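Chemist: the following block contains a protein sequence and its predicted model.
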Amino acid sequence: MSGKPASGVTVVLGRLDADGWTIVGKARTNRDGRVKSVNAKRLSAGIYELSFETGAYFKKKKVKAFHPWVTITVHIKDAGAHHHVPLLLSPFGYSTYRGS
């Protein structure tokens, strides 16, 4: 939206297990718009959700937006590998990809 990193966005990490989704970590983006760690215990292979609280971010910026939360579901096959999941965000859309 602004061409600048979104700092202060809450990110919740969930893991899918036999009973449904379990929150395993939570963090806020830093001034570079990144999360170094979601304060989760060691991850294992599985299905995970990254949920970004975008509504609060836009409200703080006084911008009307369509997506109050953006949730990205990923399949982690190698839990020991580095996983970078960028979220490119505007008030009315977003995109994501697996980064390096």
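Modeler: All right, it came through fine. This one's a predicted model, so the numbers in the text were calculated from it and none came from an experiment.

Chemist: give me the element the residue nearest the centre of the chain is part of.
Modeler: Computing the C-alpha centroid of the chain and ranking residues by C-alpha atoms, centre = their mean puts Leu50 first, at 4.0 Å. Leu50 belongs to strand 46-52 when elements are defined using DSSP states H and E.

Chemist: for whichever helix or strand comes after that strand, list the C-alpha coordinates in CSV.
Modeler: Past strand 46-52, further along toward the C-terminus, the next helix or strand under DSSP H and E is helix 54-60. The C-alpha coordinates for helix 54-60 follow below in CSV (Å, rounded to 0.1, in the frame of the first residue of the first chain):
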residue,chain,number,x,y,z
THR,A,54,-4.5,-6.6,9.2
GLY,A,55,-7.7,-4.8,10.4
ALA,A,56,-6.0,-3.3,13.5
TYR,A,57,-3.0,-2.3,11.4
PHE,A,58,-5.2,-0.4,8.8
LYS,A,59,-7.4,1.1,11.6
LYS,A,60,-4.2,2.6,13.2
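
Chemist: which one is His67 nearest to, not counting chain neighbours?
Modeler: For His67, ignoring the flanking residues on the chain, the nearest one in space by C-beta to C-beta, 6 or more residues apart in numbering is Thr54 at 5.5 Å. Every C-beta, even on glycine, is put in place using the N, C-alpha and C of the backbone.
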